[in-house]
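1. Could you look at this predicted model? Sequence included:
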Amino acid sequence: MKLQDTLKGACAAAILAVVVMSGNAYGEAGHPQQEPVVSKPVAAAVPASPSAPAMTADDLSAYLDGLIPMQLKRENIAGATVIVVKDGKVLVEKGYGFANVEKRTPVTPQTLFRPGSISKLFTWTAVMQQVEQGKIDLDRDINDYLDFKIPATYPKPITMRNLMTHTPGFEEAIKDLIVTKGSKPVSIGEFLKTHMPQRVYPPGTTPAYSNYGATLAGYIVERVSGMPFDDYVEKNIFLPLGMTHTSFRQPLPAQLQPLMSSGYALGSDEAKPYEIIAAEPAGSLATSAEDISHFMLAHLQNGEYNGAHILKPETVALMHSAQFGVNPALPHMCLGFYEQTRNGHRMFGHGGDTQYFHSDLFLMPDQNLGFFVSYNSGGRGETEQRSNLFNAFLDRYYPYSIPAGVKQPNSEADAKLVAGEYITSRRPVTNVLSFISFLENLKVTPGKDGTIVIPQFKSIDQVPKTWEEIGPLLYREKNGQDLVGFTKDADGRYVLAMDYPFMVWTKIGILDNKIFNILVIVLFSVVSLLTVILWPVSAWIRKHYDHPLQFEPRERRLRVAIRLIAAVDLLYAICWLSILAASGGNPLFDSSFDSTLRAVQIVGWIGTLGTLLILFAVVKTWKAPGEWWLSHVGNIAIALSAVSFSWFLWHWHLLHFSMLY
């Protein structure tokens, strides 16, 4: 396996661990042999466009029965739940596969799943209830609501509107985000005070998805309402909406535990422990498809469900309206929801991921329709199941002809302008995990006839998409609907935005380039390895050919020091590769990792300070009698390797004293 693949796979596994998406038999041993389907069509036919089949409960039920079991089988997923609401009623609610493979417990619409960041929609709804009561001002400094202070890194303060549009400017932080040790996390306030990430963007300028920001919002609800967050949402959202099988509480209340689906990495694996989300308002919800339909219907019906009102109509309209976007041609952030446009319809919603559960919720107001799906396994990860399912649903009932694009006159020149490598705004910027960022860089390359290719964006058949320019620096997927667009930031750098408006990518130079950094890693790893291996070999060769080194004692010690520092550099690289590879799908980056991280940093400090010693030693031993020219070459290589090692650690903040990451 290539080093790049090894590093990328290991780092992706670690980040995915915390972050924060017709057949009836599995083909592999250990898989369930039957996938039960629990169906509940509950509504009559609804009108459809002339070119589409009528969206009846029976037709939709049959269509889902043909798609989802195939997904579960192909991707090795234990179970899934899906619900569709239309015109104020549940059209179809279904469960597929198993909530517990070992016990053969089928998924039903009443089975609880973990919808991850869809939890935020409930937090944002709670915020807007407090806005209605005049207790929260969307444009007031959030420090006014807190019992601790967000540092004034920039002149402009962070507001609730910034939190709700993911523009507070915090860097990504994953420490203690998810733990699986079964213990209740610290209080929301304590978590926020002890896990504050750095502010790296001026507020209101750069979308960078923030779990910390959403958790701040939940804590502010606590503060202004005078009620614990869990109590507040139960009294003011769950109770009026009749959501009796929904909870933010951790561990899950005893009466709900029998209804909870297990989570799986693969459906054929053992069930995983219940995930504990420290940032509770950002992702700790457990709910059933049946319960979440009440929430969708309330948002589709101006805040009302079954006679109960959780929001005023004007508040709902404000939440659903576009609020922030870096490119006017692309979807925007609403207040908590994010926009999407597909098959000619505007919709808004939210996705959610824990380690093992992967979910989507979308509302299509012009059709008075809501769609929710959740899978209880990560699966093989070869395709994006929830997006594929929702897109197939739209294509069936809302068919769409892609309008012909008009070739732009400067498309070839534009493609060259935007070509290059881009780094995401949602990343660790200043902390010890910032080095992971470059592995996920996007590369934009010019294609034929003014098109561009972004290899990381692939179609359902895993082929990189080609993008055609349909407007100035606005590109649409060839034979598809996805969009990407380019603008410039305040520093004149190109910024890539896409259909998901909560993050962007910024064009970078050589120092943040993926290949460059991979080469740096290869350089100091290979040179250090060869130095350690060849040290005893060269000694044997000198002895064999009776060519002893004629060093003074100090020069001899310096020569030994060169080799020892190279060994330290190699040890550091091995430590990090071992840490990342060993993390697998487990939540490694919690407080228990601090001592290991500090020990690895000590090794890094020794290697970095040793670089000065290596440079000194290379100079002092250069004219030593008996040194072969090959030794000089080796010493130069070791010096370059050590400098590269030190640069890498400093550039990516790997020696940062802070244990916040």
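-> Thanks, I have the structure now. Numbering: from 1, shown residues only.
2. pLDDT weak spots in the chain?
-> In the predicted model, the chain carries pLDDT under 70 at residues 1-50, 180-184, 535, 537-552, 554-555, 583-588, 623-631.
3. Which strand runs longest in it?
-> In the chain, assigned by DSSP state E, the strand with the most residues is strand 89-100.
4. Which strands border it, and is each parallel or antiparallel?
-> strand 37-41 (antiparallel), strand 79-86 (antiparallel), strand 105-106 (antiparallel) (DSSP bridges).
5. hmm, who's touching the helix or strand just after the shortest one?
-> Translated: strand 105-106. As assigned by DSSP states H and E, the chain's next helix or strand after strand 105-106 is strand 112-113. Residues outside strand 112-113 that contact it (C-beta atoms under 8 Å, 6 or more residues apart in numbering) are 81, 245-246, 252, 256, 259-261, 286-289, 357, 359, 374, 376. In this view, the C-beta of every residue, glycine as well, is placed from N, C-alpha and C.
6. What's the local residue count around the residue nearest to Gly218 when sequence neighbours are not counted?
-> Spatial nearest neighbour of Gly218, excluding adjacent residues (C-beta to C-beta, 6 or more residues apart in numbering): Pro281 at 2.5 Å. By the criterion of other C-beta atoms under 10 Å, Pro281 has 29 neighbours.
7. quick one, what contacts Pro281?
-> The contact partners of Pro281, by C-beta under 8 Å, 6+ apart, come to 119-120, 123, 188, 214-215, 217-219, 221, 229, 248.
8. let's go with 10 Å and repeat that
-> By C-beta atoms under 10 Å, 6 or more residues apart in numbering, Pro281 lies in contact with 119-120, 122-124, 126-127, 188, 211, 214-222, 229-230, 233, 248.
9. With Gln257 instead?
-> Counted by C-beta under 10 Å, 6+ apart, Gln257 has contacts 112, 251, 274, 286.
10. how about the strands in the stretch 351-500 of the chain?
-> Taking DSSP state E, counting those that start in this stretch, the strands of the stretch 351-500 of the chain run over residues 358-364, 369-375, 420-424, 442-446, 452-458, 464-471, 474-477, 483-488, 494-498.
11. Need the residues that contact the last one.
-> Pointing back at strand 494-498 there. By C-beta under 10 Å, 6+ apart, strand 494-498 touches 206-207, 325-327, 329-331, 417-420, 422-425, 442, 444, 454, 457, 473-475, 482-489, 503-508.
12. make it 6 Å
-> 326-327, 330, 418, 422, 484-487, 489, 504-507 (C-beta atoms under 6 Å, 6 or more residues apart in numbering).
13. what do you get for the fourth one?
-> Outside strand 442-446, the residues within contact range by C-beta under 6 Å, 6+ apart are 415-416, 418-419, 421-422, 452-454, 456, 505.
14. of these, buried ones?
-> Taking 16 or more other C-beta atoms under 10 Å as the criterion, what is buried in these is 415, 418-419, 421-422, 452-454, 505.
15. Just confirm Trp505 contacts Thr424, I think it does.
-> Yes. Taking contacts as C-beta atoms under 6 Å, Trp505 lies within contact range of Thr424: 5.3 Å.
16. Buried ones in stretch 357-370, by neighbour count?
-> If you call a residue buried by 16+ other C-beta under 10 Å, then stretch 357-370 has these buried ones: 357-365, 367-370.
17. Quick check: Ser117 touching Gly283?
-> Yes. Using C-beta under 6 Å, Ser117 is in contact with Gly283, at 5.3 Å.
18. Those two - which one has more neighbours?
-> Gly283 (29 against 25).
19. any idea how far Phe122 is from Asn211?
-> In this structure, Asn211 and Phe122 are 14 Å apart, going by C-beta to C-beta, to the nearest Å.
20. Kindly report the same for Leu571.
-> Taking C-beta to C-beta, one finds Leu571 at 47 Å from Phe122.
21. Looking at these two, which has the bigger crowd around it?
-> Neighbour count, other C-beta under 10 Å: between Leu571 and Phe122, Phe122 has more, with 24 against 16.
22. Break this structure down into its structural domains.
-> Domain ranges of the chain: 116-397, 411-510, 513-651, per automatic domain parsing.
23. okay, how far is it across the second one, tip to tip?
-> For domain 411-510, the separation between the terminal residues is 25 Å (C-alpha to C-alpha, to the nearest Å).
24. what does stretch 137-152 give?
-> First-to-last distance for stretch 137-152 - C-alpha to C-alpha - comes to 19 Å.
25. what does stretch 186-200 give?
-> Start-to-end span of stretch 186-200 (C-alpha to C-alpha) is 26 Å.
26. for stretch 453-466, same thing?
-> Per C-alpha to C-alpha, the first residue of stretch 453-466 is 5 Å away from its last.
27. now swap in stretch 646-661 and tell me
-> Separation of the first and last residues of stretch 646-661 by C-alpha to C-alpha is 20 Å.
28. just stretch 189-208 next, same as before
-> Stretch 189-208 end-to-end distance (C-alpha to C-alpha) = 22 Å.
29. Give the closest residue to Trp647 in space, chain neighbours not counted.
-> Nearest to Trp647 is Val520, by C-beta to C-beta, 6+ apart, at 7.3 Å.
30. Correction: the previous question concerned Val406.
-> Once flanking residues are discounted, Val406 sits nearest to Ile470: 6.9 Å by C-beta to C-beta, 6+ apart.
31. hang on, isn't Ala214 packed against Ile118?
-> No. Assessed by C-beta under 6 Å, Ala214 is found out of contact with Ile118, at 11.4 Å.
32. Glu234: what secondary structure?
-> The three-state label given to Glu234 by DSSP: H, G, I helix; E, B strand; the rest coil is helix.
33. meant to ask about Pro155
-> Put simply, Pro155 is coil when judged by three-state DSSP.
34. Return the distance of it relative to Arg598.
-> Distance from Pro155 to Arg598, by C-beta to C-beta: 35 Å.
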